[in-house]
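Student: attaching a predicted model along with its sequence, questions to come.
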Amino acid sequence: MNLIEWSDKENINIAEVDEQHEKFVSVANKLYKNLGSEKRWKTEMLLKELTELTKLHFLTEEKLMKENNYEGFFSHKLEHDRFLNKLVSFTNNFEQGEEEVTMKFLQSVKNWLINHLELNDRKIGVYLNGKGIK
Ligand SMILES: [Fe+2]
Ligand SMILES: [Fe+2]
């Protein structure tokens, strides 16, 4: 079983973004499979990978929005910033041994992704597709 089941219906029809979402899901699923493992180094590696992917992904979406004068840029970016701050501080705390990856944490990552995708990312997809960008 996976934490997040992914299929083509999750696509927003922007190739680069869809690819990044899928990578994010794949790392989140690896963290889920690693849950309860003694291998702290592995959890740390995956958390860092998730953080780096998230940074890159948000930059990609933000660049696309800016370049195409997307009206909802600021509120969308605000959601990105909030999530990234949480993820970065969680990862730092984990490295300090002050935080553990739990089902609750993974569930919050999953919920964020699904909500954000449905409520925000999908809108950029429609907007950009309307401008002929895929
Ligand atoms: Fe987004
Ligand atoms: Fe996204």
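Tutor: Perfect, I can see it now. Residues are numbered from 1 along each chain as shown. Ligands and ions are numbered 1, 2, ... in the order given.
Student: other residues contacting stretch 96-106?
Tutor: 3, 28, 31, 32, 34, 35, 43, 47, 90, 93, 94 (Cβ atoms under 8 Å, 6 or more residues apart in numbering). Backbone N, C-alpha and C define where each C-beta goes, glycine included.
Student: ends of it, how far apart?
Tutor: Stretch 96-106 stretches 19 Å from its first residue to its last (Cα to Cα, to the nearest Å).
Student: so where is the protein shaky, pLDDT-wise?
Tutor: Residues of the chain meeting the criterion pLDDT under 70: none.
Student: apply 90 and report the result again.
Tutor: Residue ranges of the chain with pLDDT under 90: 36, 38.
Student: mind checking the longest helix of it?
Tutor: Criterion DSSP state H: the longest helix present in the chain is helix 40-67.
Student: pull out the buried positions in that helix.
Tutor: 43, 46-47, 49-51, 53-54, 57-58, 61-62, 64-65 (16 or more other Cβ atoms under 10 Å).
Student: dump the residues you listed into CSV; add distance to residue 134 as well.
Tutor: Shown next, in CSV, are the buried residues of helix 40-67 (distance: Cβ to Cβ, whole Å):
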residue, distance to residue 134
43, 36
46, 30
47, 32
49, 27
50, 26
51, 28
53, 21
54, 23
57, 17
58, 20
61, 15
62, 18
64, 11
65, 16
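Student: many thanks, have a good one.
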